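Q: can't give you the sequence, but here's the structure:
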Ligand code: PBG
């Protein structure tokens with residue numbers, strides 16, 4: 001009845017009057033009260049690069065602000081990370097001498113293995129995750145053992161298991177296999193259990209895609225493949241259902257945390273994994289995603305802080321519990337300063 005007396009535009013305004021989502025966007029206080037996704041420093045896991053040598057602290061050109069550090073520099077760096085309120089670090093190593101099967105990756109006196117002790121001494125509360133892979137240790141740069149130009153899955157799993165065990169023996173809290181070989185999570189779990197490391201957790205790079213966004217990392221860790229690419233073991237970017245299958249397999253094999261990687265270009269995969277599984281989920285905002293925003297900010301095309309926090313919020317909103325990010329120390333500082341809007 002009322003409607004009949006009103007002209008059309010007024011009727012539209014009337015309808016909007018009942019439903020005006022903008023009412024709750026009017027002030028910072030209102031927005032903060034109804035915000036659905038809150039970033040917290042608790043979620044952030046910081047990747048760090050350990051290199052052979054002594055007294056090394058070297059800027060990584062492709063990852064502005066990130067450093068390669070030798071073992072003797074890791075304690076102080078870890079202390080700073082812990083003091084920023086960050087709960088964990090993810091260590092990447094490198095070989096002094098590369099070999100066909102990446103021998104140094106499992107050496108008890110390797111850079112990563114020794115760094116764990118330094119970190120634990122300087123910052124005992126910091127949770128130490130270690131990337132378990134061969135690519136920075138093999139002379140061909142692939143993540144497994146080769147027969148000719150093809151990967152030998154099961155021989156690779158054997159080597160990767162030895163690497164994981166050496167990290168556990170050195171005191172790692174969580175080992176994180178990133179090679180994408182079939183069956184490696186189960187193999188690592190049974191060897192860890194058999195050797196008395198039933199408390200050491202596994203974070204599986206479960207859905208790791210063959211991505212162009214790893215470019216800057218490969219410079220940082222000296223792990224670019226000498227020939228070919230990683231499409232024979234990492235996932236095809238077109239596949240999302242397959243990610244659910246990969247995650248399911250890793251959980252069956254005993255993964256404690258599963259990961260989707262990259263993060264920003266695979267938000268749909270994060271959301272689907274979150275909807276399907278209850279396990280703790282990590283997402284890795286990879287080097288290329290970080291570097292792209294950094295580079296645009298350096299040119300003045302983006303506000304780095306706003307873009308970074310928006311990206312991290314997006315990954316959390318999609319459903320990730322843990323966000324692996326090179327921004328962790330800066331984000332910790334920004335979060336400490338409180339929301340800007
Ligand atoms: C090693 C590994 C890679 C990354 C993490 N572990 C590189 C790759 O698979 O080629 C990428 C991390 C990043 O880009 O930030 N297998």
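A: Received, thanks. Quantities reported herein were computed from a predicted structural model and do not represent experimental measurements. Numbers count the residues shown, from 1 in each chain.

Q: Quick one: the strands in the stretch 101-250 of the chain, in order.
A: 127-132, 146-147, 150-151, 174-177, 201-208 (DSSP state E, counting those that start in this stretch).

Q: Using CSV, lay out the ones you listed together with distance to residue 29 and mean pLDDT.
A: Backbone N, C-alpha and C define where each C-beta goes, glycine included. Below are the strands of the stretch 101-250 of the chain laid out as CSV (distance: least, Cβ to Cβ, whole Å; pLDDT from 0 to 100):
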stretch, distance to residue 29, mean pLDDT
strand 127-132, 35, 98
strand 146-147, 60, 92
strand 150-151, 56, 92
strand 174-177, 39, 98
strand 201-208, 38, 98
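
Q: now for those strands, which one comes closest to residue 59?
A: Among those, strand 127-132 comes nearest to residue 59, with 20.6 Å by Cβ to Cβ.

Q: What strands line up against the closest one, and which way round?
A: strand 88-92 (parallel), strand 174-177 (parallel) (DSSP bridges).

Q: Quick check: which of these is buried the most?
A: strand 174-177 (a mean of 26; mean count of other Cβ atoms under 10 Å).

Q: Outside of that strand itself, which residues are in contact with it?
A: 88, 90, 127-133, 160, 164, 167-168, 184-185, 188, 192, 200-205, 256-257, 259 (Cβ atoms under 8 Å, 6 or more residues apart in numbering).

Q: likewise stretch 140-149?
A: Taking Cβ under 8 Å, 6+ apart as the rule, stretch 140-149 contacts 100-101, 133-135, 151-153, 155-156, 159-160, 178-181, 223-228, 230, 233.

Q: same thing but 7 Å
A: 101, 133-135, 151-152, 155-156, 159, 179-181, 223-228, 230, 233 (Cβ atoms under 7 Å, 6 or more residues apart in numbering).

Q: Redo the strands paired with strand 127-132 as CSV? Include distance to residue 302.
A: Output for the strands paired with strand 127-132, formatted as CSV (distance: least, Cβ to Cβ, whole Å):
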stretch, distance to residue 302
strand 88-92, 26
strand 174-177, 30
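
Q: Looking at those strands, which is nearest to residue 34?
A: Comparing the strands paired with strand 127-132 under Cβ to Cβ, the one sitting nearest is strand 88-92, at 30.3 Å.

Q: what comes into contact with that closest one?
A: 45-50, 78, 81, 112, 115, 119, 126-131, 136, 176, 221, 324.

Q: which stretches of the stretch 101-250 of the chain aren't confidently modelled?
A: Counting by pLDDT under 70, the stretch 101-250 of the chain shows no low-confidence range.

Q: Identify the residue nearest the residue of it found nearest the ligand in space, chain neighbours excluded?
A: Going by Cβ to the nearest ligand atom, the ligand is nearest to residue 217 of the stretch 101-250 of the chain, at 3.2 Å. The shortest distance from residue 217 to any non-neighbouring residue, by Cβ to Cβ, 6 or more residues apart in numbering, is to residue 287 (3.7 Å).

Q: residues near that neighbour, how many?
A: Neighbour count for residue 287, taken as other Cβ atoms under 10 Å: 26.

Q: quick revisit: report the buried members of the contacts of strand 88-92.
A: Buried members of those, counted by 16 or more other Cβ atoms under 10 Å: 45-50, 78, 81, 112, 115, 119, 126-131, 136, 176, 221, 324.

Q: Apply the buried test to the contacts of stretch 140-149 and list what passes.
A: Buried among these (16+ other Cβ under 10 Å): 101, 133-135, 151, 156, 159, 179-181, 223, 230, 233.

Q: Using TSV, please lay out these together with distance to residue 40.
A: Output for the buried ones among the contacts of stretch 140-149, formatted as TSV (distance: Cβ to Cβ, whole Å):
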residue	distance to residue 40
101	41
133	29
134	34
135	32
151	39
156	37
159	37
179	31
180	30
181	34
223	31
230	33
233	34
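
Q: Now narrow these to whatever sits close to the ligand.
A: 133, 135, 223, 230 (Cβ under 6 Å from any ligand atom).

Q: What is the one helix or strand residue 305 maps to packed up against?
A: Using DSSP states H and E, residue 305 sits in helix 304-318. Packing partners of helix 304-318 (3 or more Cβ pairs under 7 Å, 6 or more residues apart in numbering; DSSP states H and E): helix 267-276, helix 287-298, strand 322-324, helix 328-336.

Q: at 10 Å what do you get?
A: Packing contacts for helix 304-318, counted by 3 or more Cβ pairs under 10 Å, 6 or more residues apart in numbering; DSSP states H and E, involve helix 267-276, strand 281-284, helix 287-298, strand 322-324, helix 328-336.
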